[in-house]
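Asks: My questions are about this predicted structure, shown below with the sequence.
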Amino acid sequence: MQTPETPLSPPPPPQAAASSNRNKVIACSLVALALLAVAIGVVFVGGAFFLGKVGLDMMAEQVRADIQDNPVIVEHLGEIREITTDFGASAEETAANVFVFDVVGSKGGGRLTANTVTVSADREEVTWGRLLLDSGEELDLFPAQGPKPTR
């Protein structure tokens, strides 16, 4: 007489495979969400930095327009070729509306610490300023105005 053959091991239940696939989908979804959050953060921080830099560059150009004919600037720096805002040094200033600019002219360079007042959307006015030349000499942009604020 013949006996029916029995399989050595039963096949896995279908639910176990489905559960494993579901866990993989959930894990992949969580990784994708984490990567998306990081990407959004990078775009946000990068965008904020870009907008801040553009704004400071615009302000530096407006400051250039205001000080380019200042007698101290003309005598010691000549024609301004480049002016950039030093964000780190400006952040360290304790007075409101005081910014620090690195200035390069046809005769030399220096660092300008200046109080600026916004006159309009496209015009900044420097109300006082100290120019520290690359040689170490410190000059007042407006000597006739009297004493200026100190750090």
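Replies: Received it, and whenever you're ready, just let me know what you need. Residues are numbered from 1 along each chain as shown.
Asks: what are the phi and psi angles of Asp69?
Replies: With angles defined as degrees, to the nearest 10, Asp69 sits at phi -100, psi 10.
Asks: what ranges do the strands span in the chain?
Replies: Under the criterion DSSP state E, the chain contains strands at 80-85, 98-105, 109-120, 123-133, 138-140.
Asks: The shortest one pairs with which strands, and in what direction?
Replies: Going back to what we said before, that points to strand 138-140. strand 123-133 (antiparallel) (DSSP bridges).
Asks: What average pLDDT does the strand it pairs with get?
Replies: Across strand 123-133, pLDDT averages out at 91.
Asks: Output it as PDB, nothing but the C-alphas.
Replies: Extracted as PDB, the C-alpha positions of strand 123-133 are listed here (Å, rounded to 0.1, in the frame of the first residue of the first chain):
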ATOM      1  CA  ARG A 123      19.500 105.200  -0.200                       C
ATOM      2  CA  GLU A 124      21.500 104.900   3.000                       C
ATOM      3  CA  GLU A 125      23.200 107.800   4.700                       C
ATOM      4  CA  VAL A 126      26.300 107.500   6.800                       C
ATOM      5  CA  THR A 127      25.900 109.800   9.800                       C
ATOM      6  CA  TRP A 128      29.300 109.000  11.400                       C
ATOM      7  CA  GLY A 129      32.100 106.700  10.700                       C
ATOM      8  CA  ARG A 130      35.600 105.600  11.700                       C
ATOM      9  CA  LEU A 131      38.000 104.400   9.000                       C
ATOM     10  CA  LEU A 132      40.800 102.100  10.100                       C
ATOM     11  CA  LEU A 133      43.400 102.100   7.300                       C
END
